[in-house]
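> okay, sequence plus prediction incoming.
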Amino acid sequence: MNNAVNHGHDDAIWSGTWVAQRLGVELVGDDTLTDLLGLALRRNPKRAHLLVSHVLGKHIPQFPSVVHGHGFALGRRVRELLGAEEAARAVVLGYAETATGLGHCVADGLGAAPYLHSTRRPVAGVVSAGGFEESHSHATSHLLLPEDPSLLVGDGPLVLVDDEFSTGNTVLNTIRALHERYPRRRYVVVALVDMRSAADAGRLAEFAREIGARVDLIATASGTVRLPDGVLEKGQELVARYEAEGAASGDRSSAGGQGDDRDADANSGPRGARGSDDARLRREVRPATADPQREADRTRRTRPPGHITRVGLSWPRGLPDGGRHGFTPRHRARLEAALPAMAARLAEAIPEDARRVLVLGFEELMYAPLRLARELEQVVAAEVRYSTTTRSPVLAVDDPGYAIRSRIVFPAHDDPDDGPGERYAYNVAGGGFDAVVAVVDSVADTRELHAPDGLLSQLAAHTPHVVLAVVPSYVPEPLYVAALSEERPAMLPDPLRGPAFSSYAPEEVGWLLQDLSDVTLEAPTEEREEAIQSGGAHYAESLPVEYQPSEQYQELFHAALETSAARIAQAVGVVTDTVIAERSPRPVLVSLARAGTPVGVLMRRWAQFRHGLDLPHYAVSIVRGRGIDANALRWLAAHHDPRDVVFVDGWTGKGAITRELAAAIGEFEARGGAAGFDPEIAVLADPGSCVRTYGTRDDFLIPSACLNSTVSGLVSRTVLRADLVGPDDFHGAKFYRELAGTDVSVAFLDAVAARFPEVADAVDGAVKELLAGDRTPSWEGWAAVERISEEYGIHDVNLVKPGVGETTRVLLRRVPWKILARAGAGADLDHVRLLAEQRGVPVEEVGDLPYTCVGLIHPQYTRGATGADGTAVTV
């Protein structure tokens, strides 16, 4: 592949010609200067002109090998300057937003140097190690947020990297601020271009003497910008005029307009390039606000279903997404090892006939997309280019002598600290890209990104294929450690986590429960059943004695797991991808303890495997007849957007919990609780046709239903009893540490997760089919339960337990009267038949049963009774 510099413009015309002709701006210096830089105009009260780098990978799509190569070469020059010993002690600091990737590349060339870049994104819970101002930028404040504060401590060289070195003010501000706190003997300033005037060059030397340190400078090329008097005012007037003409024309297309030549000096200026028309309006894509219907019609035309594809990178767990909090040589080695597999996943999503592909990074997230693009260059036949979105507003003019020929305008999508605003992607519209791979971090994977006027939709208007890849946003503290939380209710503690509570790893799930492990709550099954049916107690006020499976039953569990692991894995993938596609790009999983919790953990693992997402997951209590834990909802609302919360359960039976949750959420809001919680449950299996979000509607054996706590993190059912749970408490549960010897909770998760790779393609197909089909709940399960309740003289739907999961649970926890089994049901019922035999419960085969099986509890239960009239039967 040709890796010569190519900045996407007519090579015969310098991309600074248009500005030079109109404002009289000149670049004077090295012969290579105009190969590296073009010119544009921007809305900025401090500096109207903008030096646009051809090799930075920010505004102009460039070969990723060229972008990385320039930074790497600068790093090698720094290494030569310092010598091996000093280079080994160096730290590299890059500037947000344009030089975050360049700084990484310099660190790569330097060798074993750790890297940190400044940021304009505050991160809750991370203390700033310093900050400084950038004088000419539109957004000036920089923060330094290293995970390890000692990164900036020491007397080794500090290498400061920016894309251009113009007045030197930014570097002076940085060194002055850091030298006061972390003094050192040597600094090296690195830039693609050194554009200082002679006076500014002298200032740097004077400053070095002032602080008593050595300051060196390395640049790829050097020169100066000659600005005539009044250039700022003239540039501002020119920008205002072009923007007004663009607004007046109503032009929102990528084509740009044509007009007559009205500039008297159109044929003057450096290099004698031809003039362009003032009326040749910029290519700009901006959401229409005056006519919402027109915008909706445009969106439907330009974003057909399936146009945008999401690809899971399988980003290595715990690997930083960049240098915001520090990036060490160890991190670099991990990234290098993972890049081939991640690039291969991207390559699979790019059409084989694509000739030109753009990898588009996101503001400060430059290095990860660059390295992915560089790796993609090696594995696809298409020409690969790289650039990134930006905060910087620049005038676009569709002229080959101008550096910014088109721009896409879209709303910020990372909830910026300075509030909402416009963001931009330059030279993408009209770039002839057959596919665009948008790489963002998970903080930016928001509703705004996916909105009709968001970046993805805007890109879809200009390329046949948009691929989204999300890199997990690295936070120095684990996501499950609470940071600053003034909104947290004072009486509500943080979630319980393993290993102190449950056998799950701490990041797998946080339990919004209180630990009642030291309280005796168990009662014999028959005694509990009698108390429950007599009205003397609610089932949530006590716990059944934990069933200890026989060796035969454990063998049955493992055999069932081996048989059904792939089937479960596919259902997990389908329900998770459906949630991400329809409910939230970064859902907060909230499983209904405890049957939903293994499913929630598996969904979290799938999101990590397939999409590189590190989703929060909590478990909460919901009790039939009592509702969901309102304090848990309050905690969730204080820490997350309720609209992102997705409730998760294992399966549906007749849909009682589905209805219970909907009623409970309505009551919570009516009493002044936070609005926005969606009561629709996402389930692994929906045999009762009670929900829209599911992995399958088949009624089959889910092995986690075969056991109690030993497949659910050793956590009991939840408990709600007035003497134990006060008005400001979470519901309770127990952690059965003593059962650790028979615990298969993690083994179950690992066995299913191990099958993820083999079902990935099947999941993609199933999700597409599911999203295109009619999933309206029919509630046929509820109708069947009502029919069975009447036919068998029970007259209480709560005593009919439909489906394999519910039947298994009633055999483990209650005293069933009989089991109805669909005629011809096979191995899915082996464990049910075994449990029924052990409990002396008859199994009756039924021909027209909509479920694989149904468990029945007799309404006139007395201890030991299983007969039709409720009297004791010898078994």
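Perfect, thanks for sending it.

> tell me the strands beside the strand ranked longest in the chain, with direction?
Looking across the chain with DSSP state E, the single longest strand is strand 214-226. Here strand 214-226 has these sheet partners by DSSP bridges: strand 26-29 (antiparallel), strand 186-194 (parallel).

> export those as CSV, with columns for mean neighbour count, distance to residue 682 and mean pLDDT.
(Each C-beta comes from the backbone N, C-alpha and C, glycine too.) Listed next are the strands paired with strand 214-226 as CSV, based on neighbours: other C-beta atoms under 10 Å; distance: least, C-beta to C-beta, whole Å; pLDDT from 0 to 100:
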stretch, mean neighbour count, distance to residue 682, mean pLDDT
strand 26-29, 17, 58, 91
strand 186-194, 24, 49, 96
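
> center of this structure - which residue?
residue 442 (3.0 Å; C-alpha atoms, centre = their mean).

> verify the stated contact: that one with residue 616.
No - the pair residue 442 and residue 616 does not pass the contact test of C-beta atoms under 8 Å, sitting 11.1 Å apart.

> for the lengthiest helix in the chain, what is the distance to the chain centroid?
In the chain, with assignment by DSSP state H, the single longest helix is helix 551-582. Offset of helix 551-582 from its chain centre (C-alpha atoms, centre = their mean, to the nearest Å): 24 Å.

> what of stretch 707-725?
Relative to the mean C-alpha coordinate of its chain, stretch 707-725 is positioned 32 Å out (C-alpha atoms, centre = their mean).

> now do the contacts for residue 647.
Neighbour list for residue 647: 590-592, 596, 661, 678-682 [criterion: C-beta atoms under 8 Å, 6 or more residues apart in numbering].

> how about residue 768, secondary structure?
helix (DSSP: H, G, I helix; E, B strand; the rest coil).

> again with residue 676
Following three-state DSSP, we place residue 676 in the coil state.

> helices of the stretch 651-800 of the chain, residue ranges please.
For the stretch 651-800 of the chain, the helices defined by DSSP state H, counting those that start in this stretch occupy 656-670, 745-753, 756-772, 780-791.

> sorry, that was for the stretch 201-350 of the chain
Using DSSP H, counting those that start in this stretch, helices in the stretch 201-350 of the chain cover 231-249, 292-302, 329-349.

> how about TSV for those, with mean pLDDT and mean neighbour count added?
As requested, the helices of the stretch 201-350 of the chain are exported to TSV (pLDDT from 0 to 100; neighbours: other C-beta atoms under 10 Å):
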stretch	mean pLDDT	mean neighbour count
helix 231-249	78	15
helix 292-302	37	13
helix 329-349	93	16
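
> of all those, which lies closest to residue 144?
helix 329-349 (17.6 Å; C-beta to C-beta).

> for that closest one, packing partners?
strand 308-311, helix 367-379, strand 465-471 (3 or more C-beta pairs under 8 Å, 6 or more residues apart in numbering; DSSP states H and E).

> and the longest strand of the chain, what's buried?
The neighbour-count check on strand 214-226 (16 or more other C-beta atoms under 10 Å) flags 215-225 as buried.

> quick one: that strand to helix 231-249, angle?
60 degrees (axes from the mean of the first three to the mean of the last three C-alpha atoms, to 10 degrees).

> run the chain-centre distance for strand 214-226.
Centroid separation between strand 214-226 and its chain, computed with C-alpha atoms, centre = their mean, is 39 Å.

> number of residues surrounding the spatially closest residue to residue 41 that is not a sequence neighbour?
In space, residue 41 comes closest to residue 395 once its chain neighbours are excluded; the distance is 4.5 Å by C-beta to C-beta, 6 or more residues apart in numbering. Counted with other C-beta atoms under 10 Å, residues neighbouring residue 395 total 24.

> and for residue 769?
10.

> give me the distance between it and residue 578.
11 Å (C-beta to C-beta, to the nearest Å).

> now tabulate the helices of the stretch 201-350 of the chain in CSV and tack on distance to residue 565.
Formatted as CSV, the helices of the stretch 201-350 of the chain follow (distance: least, C-beta to C-beta, whole Å):
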stretch, distance to residue 565
helix 231-249, 58
helix 292-302, 41
helix 329-349, 23
